[in-house]
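**Student:** sequence plus predicted model, see below.
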Amino acid sequence: MNLPLIIRAEEHSEKIAITTTDGSFTYRDLLHTSSQIATNILQNAEDLQEERVAFLIPPGFEYVATQWGIWRAGGIAVPLCVSHPRPELEYVITDSGASIIVAHPNFESILRSLPPQASLAEEHNLRFILTSETLPSHIARLPEVDITRRALILYTSGTTGKPKGVVTTHQNIQAQVTSLTTAWEWTSDDSPAETLRERILHILPLHHIHGIINVLTCALWAGAECHILSKFDAETVWNRICDGDLTLFMAVPTIYVKLIAAWETASRERQKSMSEGCAKMRLMVSGSAALPVQVLEKWQSISSHFLLERYGMTEIGMALSNPLHGERLSGYVGKPLPEVEVRLVDENGHLVPGGTPGEIQVRGPGVFLEYWQNPQATAKAFQDGWFCTGDTAVVEDENYRILGRMSVDIIKTGGYKVSALEIEEVLRSHPDIQECAVVGVADIEWGERVCAALVLQGSQPLTLESFRSWAKERLAVYKVPTQILIVEELPRNAMGKVTKPTVIELFC
Ligand code: AMP
């Protein structure tokens, strides 16, 4: 039996799967090229038997065909991040024990010069394949890959310690994808005029769950068209939206912020066409970090879309989502998605009553298999079969509100536990504050002190005194930051998420 994703692709073979600046590629093209890549990777082996294949390819058709080629050859795909510096690439290649690297020629020199490359090569018998190599015309008999086998290793950004490799099976991925395509009603229908054809614009990094699962794999599972941009650029994204043929868009909050900034500098006429392009879509989604209410409201005024916010994590796929139909609440991430069980527990592992904060724990077929070669970390991450996310939330009127990561966003100060996300939401309403990150900094007297890194708008100076007196009118006094630091920009990772440990260092 072929993988279900492949069987479904065979049913859509004449339809366009991927569009890039290089042109459009049908599902048939994807099936053919991925089988050539699988043949090439296999050499004369019958099955890669879960060998790890790391690949470093810019977003586009080659990326997708390689990912599928690895899966069809029976390997585990290990996507590398195109913007990562050498040590991080080396870490992922070494930790995953990759035996094959597939790379675009642009990355050949950086990969070949990885410091102990020679020893890597000797240890793992590392094979290097460039995407510019001619692919075989003869296609080998490809192995049957059972869906319970390992498919993907994604490295988590890791707030503490080294990143861990999150291993998902084909079955996990299928469960994550069917849950989302069901809840958000991805349709594979085509009317003759193709008006119902799902078209999604892909602008997210392809080493992270959001871009790989929620956008790319959901699209290909649904037989949709995925329009991939090689990198994010606000003007290019707006041009594509203005074309008016997209049905879906998914992004992280920082991308919406950048699109809003570009909208604000556009002419009236262009703004009108931008808004009309958005209005033609059926769904716009935000996730991977908290969506500030101001951003949601501004985006609604521009696009007439009330962004659908969802919550998820590399280890579990997507867990909570506002509804596709029905009321979406700003500041909330809704309810559990289909096939996902969610509960909130206290420090002793007991369920908390509604209205009381607790750790989010998740169970279901989409939950990952293990941390790669790290059984201790895997065992520690589960409690009675539930995955402990390390995130805190509260349920209010049956909807979940995320309070942040226990390790960095839940600040313990003077006997109180305060949510950095709640404080940030208030600080963003200050007329001079453009962006902010609130952190807890170790303190002998308070346990942790609430501190805020601020990016200001305009040239108005902001004194701690005036800031605190403004904040005291809006926040309980123990939540008001005692120290502020004005910064040019907040430190962020490749996904645009603020890296809080780096913010804490700014105050130490
Ligand atoms: P990642 O595994 O990189 O996708 O990161 C997952 C983490 O992002 C979660 O554990 C949360 O801390 C955070 N996250 C994801 N979605 C949201 C959201 N809608 N609101 C707040 N935090 C979120």
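**Tutor:** Thanks, I have it.
**Student:** what residues are up against the residue in the stretch 301-450 of the chain that the ligand sits nearest to?
**Tutor:** Among the residues of the stretch 301-450 of the chain, T314 lies closest to the ligand, at 3.5 Å counting by C-beta to the nearest ligand atom. The C-beta positions use only the backbone N, C-alpha and C, and glycine is treated the same way. T314 sits next to 154, 156, 166, 208-209, 368 when contact means C-beta atoms under 8 Å, 6 or more residues apart in numbering.
**Student:** top of the residues you listed by neighbour count?
**Tutor:** Sorting the contacts of T314 by how many neighbours each has (other C-beta atoms under 10 Å) puts I209 first, at 27 neighbours.
**Student:** just list the residues touching that residue, thanks.
**Tutor:** By C-beta under 8 Å, 6+ apart, the residues touching I209 are 154, 312-314, 317.
**Student:** can we see that at 6 Å?
**Tutor:** T314 (C-beta atoms under 6 Å, 6 or more residues apart in numbering).
**Student:** do you know the pLDDT at it?
**Tutor:** Reported pLDDT at I209 in the predicted model: 97.
**Student:** any idea how far it is from K500?
**Tutor:** According to C-beta to C-beta, to the nearest Å, I209 and K500 sit 20 Å apart.
**Student:** after the worst-scoring helix or strand of the chain on mean pLDDT, which helix or strand is next?
**Tutor:** Lowest mean confidence among the helices and strands of the chain (mean pLDDT, DSSP states H and E): helix 117-124, at a mean of 51. Sequence-wise, the next helix or strand downstream of helix 117-124 (DSSP states H and E) is strand 127-130.
**Student:** for the residue of the stretch 301-450 of the chain closest to the ligand, grab phi and psi.
**Tutor:** With angles defined as degrees, to the nearest 10, T314 sits at phi -50, psi -40.
**Student:** part of a strand, is V285?
**Tutor:** Yes. Assigned with DSSP: H, G, I helix; E, B strand; the rest coil, V285 falls within a strand.
**Student:** and the gap between the closest residue to it other than its chain neighbours and N40?
**Tutor:** The shortest distance from V285 to any non-neighbouring residue, by C-beta to C-beta, 6 or more residues apart in numbering, is to M250 (4.3 Å). Here the criterion is C-beta to C-beta. By it, M250 lies 32 Å from N40.
**Student:** between those two, which is the more surrounded one?
**Tutor:** Set M250 next to N40 and count neighbours by other C-beta under 10 Å: M250 wins out with 26 against 20.
**Student:** ranges for the strands of the stretch 351-500 of the chain?
**Tutor:** Counting by DSSP state E, counting those that start in this stretch, the stretch 351-500 of the chain has these strands, from start to end: 358-363, 370-371, 382-383, 386-396, 399-405, 410-413, 416-419, 433-443, 447-456, 483-486.
**Student:** quick one: contacts of the third one?
**Tutor:** Which is strand 382-383. With C-beta under 6 Å, 6+ apart as the contact definition, strand 382-383 has outside contacts at G349.
**Student:** the same query, at a cut-off of 10 Å, please.
**Tutor:** 345, 349, 359, 361, 363, 367, 388 (C-beta atoms under 10 Å, 6 or more residues apart in numbering).
**Student:** where does the residue lying closest to G277 once chain neighbours are set aside land on pLDDT?
**Tutor:** Nearest residue to G277, sequence neighbours excluded (C-beta to C-beta, 6+ apart): I241, at 3.9 Å. On pLDDT, I241 comes in at 98.
**Student:** which residues touch I241?
**Tutor:** Neighbour list for I241: 201, 249, 259, 273-281, 284, 303 [criterion: C-beta under 10 Å, 6+ apart].
**Student:** please, which helix or strand holds it?
**Tutor:** Using DSSP H and E, I241 falls within helix 234-243.
**Student:** average pLDDT across the following helix or strand past that helix?
**Tutor:** Scanning forward in sequence from helix 234-243 by DSSP H and E, the next helix or strand is strand 248-251. If you average the pLDDT over strand 248-251, you get 98.
**Student:** low pLDDT regions in the stretch 1-150 of the chain?
**Tutor:** Scanning the stretch 1-150 of the chain for pLDDT under 70 picks out the ranges 115-124.
**Student:** hmm, back to that, gap between the residue nearest to G277 and the ligand?
**Tutor:** 22 Å (C-beta to the nearest ligand atom, to the nearest Å).
**Student:** repeat for D47
**Tutor:** Taken as C-beta to the nearest ligand atom, the span from D47 to the ligand is 30 Å.
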